[in-house]
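A.B. asks: structure of the sequence below:
(one chain, ligands or ions: 3)
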Amino acid sequence: MRTIAVDRRVTAWTAAGLLSCVAYPLLGDGTLAGAVLYNLFELLTLVVVLARVRRNRPEDRLGWCVLAAAVGFRLAGDVTYEIYRQVLHQSPFPSPADVFYLGSCPLLVAGTLLLTRGRVGRDLAGLLDAAIIATGLGLVWWVLAIGPIAGDSSIPLLERLLGAAYPGCDLVLLALVARMLTRSGRPTPGPALLAAGIGSLLAADVGFQFVTAYRPELEGVISVGWLLSNVVWGAAALHPSAAAPAPVRTGGPRVGPGRLVLLTGSTLLVPTLLFVQGALGFPHLSWLSIGVGAVLLFVLVLLRMSGFVTQVQRQARQLRDLAMRDDLTGLPNRRFFEERLAAAVAAGPAQVALLDLDGFKDVNDRFGHAVGDRLLAVVAQRLADRLRGDDLVARMGGDEFAVLVTGASAEAMAGIVDRLTAGLRPPVEVAGQELLVAASVGIADGEDTDDPYEVLRRADTAMYAAKDQRGSHVRRYAVELDERARAEDRLGAEMRTALDTGQFRLVYQPIVSLPDARIVSVEALVRWHHPERGLVNPADFIPVAEQNGLIVELGAWILRTACAQAVAWHATHGTAAPARVSVNVSARQLAEPDFADLVAEVLAWTGLSAHNLIIEVTETAVFRGGQSVQTVKDLHQLGVRIALDDFGTGHSSLGLLQTVPVDTLKVDKSFVDTITMAGRHAVIATALIQVADGLGLTAVAEGVETAEQATELHRLGYRLAQGYHFGRPAAQPDFHDAVSGTGTVAV
Ligand code: C2E
Ligand code: MG
Ligand code: MG
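C.D. replies: Numbers count the residues shown, from 1 in each chain. Ligands and ions are numbered 1, 2, ... in the order given. Coordinates of the predicted model:
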């Protein structure tokens, strides 16, 4: 409400002021009525500004006081002027009025500066721009107005001095306006109004110089300019923004097109003057002032340019910094790392470690990207905290980090990597979740190469090997790794052809009941009949197929073939055929969101009923949850049975048995191998059958090779077994004489 009221006052004041501006020339310059109107309005301005002094914050009070004094001085000058003209009928020039007029100039400058101080920070560029504009325009003003008067010896000395002092004052005001125009930041109404007041005064002064020389009858019109400056100052005093705390403006000056035009125009004024003089022989130029002015302008422009150069260099540095940093973690990014690595490799021995977080994708899938991002930030912090000053850690992208250590031996680097991985071990708490972090690390050095990309590639190869290996997840690069990778690449490429030309076959291994060794089901196992290599083992090509994704296509074929085979056996062997078929499914297949649909389709297509299919999954595949567990649940929903393969060799998390719907535990061969040895070797096999019994699961003992093992397993409580003792995997197992009589367990 208050602001609106004040704004209304501004409007009313401005309207009254503009009316006076129109009325004044109508009443006539030099008439008594005109003089009364003019001086009365000036008095009103003084009253308004003084009222402002009373209402203001203490720190601005001085500024308004000085401005009021300036208006007061002008009023005193005008009254004196009119007394000389109207009452004494004498020429008012020169007269005591000039003392007041000239005295008001420094007061006006001081008042304006006081009222606008504190609104800028250090603004050297703005100051230089103001100086350039003021020097250019000022030079013209000097050459045209001040110089001729000051140098004209025919005029009496006092008049000459006063005649030069007025344009001199205007020169100072011009500099002030230029300064206010070139301030950085958005202009606010208060200072803008003050500047407009001075601008109007300045324009009237300049106009006056010309009018008195060429068109004296227009003097009245010029007075309107002075009157207008009073209107504007009064409005500034009434305007609410003038009472607001002075905002400190930040940021450099904006060099927009307007300012560029102003600056260009100002610097071109000197050559323009010379051109006009040369072409028209007018005006008469003082070479000394032109020379001094030109040199001054030149120096100012140079200073401004150097400011630009520094600014551009600083911004280039900032841009470079931004381009070299990873936003999420604040660590240096890949580009920075590669630059530093190139320098390090060129300078001497350098060690590089690439760290890739294990199972980071699952964290993202399960808890969302925000949690994943937080985790990355914590990991980055931990890595950075554990490095010495000149070692470098960078985020290479995704969940991959790289460490560069110069001048360290292989042993020292291994120690550093130990320290880093140990630092990652404590659980990370993010959004109420306790997350375990582990990383696979590949290490390489610049031995016999000076190519930084080669060093990175080697570290990468080592890192992938580290991911695949059991136990420690740290690996140093060795040439064999490349050979292995190349061999795997070749194998991967050949696998495509193998799929297209039908080189894969399935064999089936019986799973029998104990003690009667009757075949209850078979496990389908894939074989690759390679035209040159001969038989390739699944242990050699399944991991490669998992990596290049071909396992998805191959797995679908296996599933279809195994199910179709089970149905075909039923048709030919009747009840002698195994009731169920077990199919191995890898982690990559489970992670496919539509895998359960595929299984349903295959069942429908082959006519096998769901409860006759067993899907074997490994603990590791379902350990981290996410889509894999969902797939298993969907399969279970279909009626398909789920077996945990190689149980006891992976994470062996018993909690898993509660979160994943499991029907069967396949106890790994390594626990069966030792079962008949003396000592405590049967402990695990015993414990596992108890767990299975306790949870109501069936247990299958894998890799049974001898009758003794079979007997012992039966004694421990195992009722299902699989192994060479009962039958090797074969394309067509003999269901009628499955174990050739030898497999029957003697109890
Ligand atoms: P697995 O699923 O644990 O399969 C059992 C492996 O143990 C088979 O090796 C089988 O031939 C072998 N085995 C069975 N009884 C004995 C025994 O008494 N002694 C010994 N020493 N070995 C025995 P295979 O066929 O070489 O398969 C190795 C692994 O390859 C499998 O382990 C499975 O993880 C994977 N695999 C095999 N076929 C497939 C498949 O069709 N799909 C997928 N995803 N993986 C498969
Ligand atoms: Mg299996
Ligand atoms: Mg197994």
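A.B. asks: how far away is the residue nearest to T116 when sequence neighbours are not counted from ligand 3?
C.D. replies: Nearest non-adjacent residue to T116, counting by Cβ to Cβ, 6 or more residues apart in numbering: P191, 4.6 Å away. To be clear about C-beta, it is placed using only N, CA and C from the backbone, and glycine gets the same treatment. For P191, the distance to ligand 3 equals 83 Å [Cβ to the ion, to the nearest Å].
A.B. asks: burial measure for P191, as a count.
C.D. replies: When neighbours are counted by other Cβ atoms under 10 Å, P191 registers 19.
A.B. asks: got the CA coordinates for stretch 376-396 in PDB?
C.D. replies: The C-alpha coordinates for stretch 376-396 follow below in PDB (Å, rounded to 0.1, in the frame of the first residue of the first chain):
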ATOM      1  CA  LEU A 376      29.700 -43.000  -6.700                       C
ATOM      2  CA  ALA A 377      30.400 -39.800  -4.800                       C
ATOM      3  CA  VAL A 378      31.300 -41.600  -1.600                       C
ATOM      4  CA  VAL A 379      33.500 -44.000  -3.500                       C
ATOM      5  CA  ALA A 380      35.300 -41.100  -5.200                       C
ATOM      6  CA  GLN A 381      35.800 -39.400  -1.900                       C
ATOM      7  CA  ARG A 382      37.200 -42.600  -0.300                       C
ATOM      8  CA  LEU A 383      39.600 -43.100  -3.200                       C
ATOM      9  CA  ALA A 384      40.800 -39.500  -3.200                       C
ATOM     10  CA  ASP A 385      41.300 -39.600   0.600                       C
ATOM     11  CA  ARG A 386      43.600 -42.600   0.300                       C
ATOM     12  CA  LEU A 387      46.000 -41.200  -2.200                       C
ATOM     13  CA  ARG A 388      49.200 -39.200  -1.700                       C
ATOM     14  CA  GLY A 389      49.400 -35.600  -2.900                       C
ATOM     15  CA  ASP A 390      50.700 -36.100  -6.400                       C
ATOM     16  CA  ASP A 391      48.900 -39.300  -7.200                       C
ATOM     17  CA  LEU A 392      45.800 -38.800  -9.400                       C
ATOM     18  CA  VAL A 393      42.400 -40.400  -9.300                       C
ATOM     19  CA  ALA A 394      39.800 -39.700 -12.000                       C
ATOM     20  CA  ARG A 395      36.300 -40.900 -12.800                       C
ATOM     21  CA  MET A 396      36.500 -42.400 -16.300                       C
END
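A.B. asks: report the buried residues of it.
C.D. replies: Neighbour-count burial for stretch 376-396, counted by 16 or more other Cβ atoms under 10 Å, picks out 376-380, 382-384, 386-387, 391-396.
A.B. asks: and the contacts of it?
C.D. replies: Applying Cβ atoms under 8 Å, 6 or more residues apart in numbering, the contact partners of stretch 376-396 are 326, 328-334, 336-337, 340, 354-355, 357, 399, 401-406, 416, 419-420, 423-424, 428, 430, 437.
A.B. asks: now a ChimeraX select for only the buried ones of these.
C.D. replies: In ChimeraX, selecting the buried portion of the contacts of stretch 376-396, with burial taken from 16+ other Cβ under 10 Å, looks like this:
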select :326,329,331,332,333,334,336,337,340,354,355,357,399,401,402,403,404,405,406,416,420,423,424,428,430,437
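A.B. asks: so which of the buried residues of stretch 376-396 are in strands?
C.D. replies: Within those, residues falling in strands by DSSP state E are 392-396.
A.B. asks: any chance of CSV for those residues, columns distance to R496?
C.D. replies: Converted to CSV, those look like this (distance: Cβ to Cβ, whole Å):
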residue, distance to R496
L392, 41
V393, 39
A394, 36
R395, 35
M396, 30
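A.B. asks: show me which of the residues you listed is closest to ligand 2.
C.D. replies: M396 (36.6 Å; Cβ to the ion).
A.B. asks: returning to what we had before: quick one: secondary structure of the residue nearest to T116?
C.D. replies: helix (DSSP: H, G, I helix; E, B strand; the rest coil).
A.B. asks: look up how far C169 lies from it.
C.D. replies: 21 Å (Cβ to Cβ, to the nearest Å).
A.B. asks: helix or strand: which one has the most centrally placed residue in the chain?
C.D. replies: Nearest to the geometric centre of the chain sits D327, at 4.3 Å (Cα atoms, centre = their mean). Element membership for D327, per DSSP states H and E: none, as it lies in no helix or strand.
A.B. asks: one more: D362?
C.D. replies: D362 is part of helix 360-367, with elements assigned from DSSP H and E.
A.B. asks: on that earlier part again, verify the contact between the residue nearest to T116 and L113 for me.
C.D. replies: No - if you go by Cβ atoms under 8 Å, P191 and L113 don't touch, sitting 10.5 Å apart.
A.B. asks: would you mind naming what in the chain lies close to ligand 2?
C.D. replies: Residues of the chain lying close to ligand 2 (Cβ under 5 Å from the ion) are 584, 616, 645.
A.B. asks: quick one: the second one and A524 touch, right?
C.D. replies: No - with contact defined as Cβ under 8 Å, E616 does not count as touching A524 (9.3 Å).
A.B. asks: which neighbours do those two share?
C.D. replies: Common contact partners of E616 and A524 (Cβ under 8 Å, 6+ apart): 582-584.
A.B. asks: ligand 3: which of the residues you listed is nearest?
C.D. replies: Closest to ligand 3, out of all of these and judged by Cβ to the ion, is N584, at 8.1 Å.
A.B. asks: count of neighbours near the closest one?
C.D. replies: That count, for N584 with other Cβ under 10 Å as the rule, works out to 22.
A.B. asks: give me the beta-bridge partners of it?
C.D. replies: Legend: beta-bridge partners of N584 under DSSP bridges are E616.
A.B. asks: that one: what's it in contact with?
C.D. replies: Neighbours of N584 in contact, by Cβ under 8 Å, 6+ apart: 523-526, 558, 616, 645.
A.B. asks: pick out the lowest-pLDDT one from those.
C.D. replies: On pLDDT alone, D645 ranks lowest of those, at 92.
A.B. asks: near ligand 1, which residues of this protein? Just list them.
C.D. replies: 509, 524-526, 537-539, 542, 555, 558, 584-586, 616, 645-646, 703-705, 722-724, 729 (Cβ under 6 Å from any ligand atom).
A.B. asks: just the ones of the residues you listed in helices?
C.D. replies: Those of the residues of the chain next to ligand 1 mapping onto helices are 538-539, 542, 555, 558, per DSSP state H.
A.B. asks: I am finished for the moment; much appreciated.
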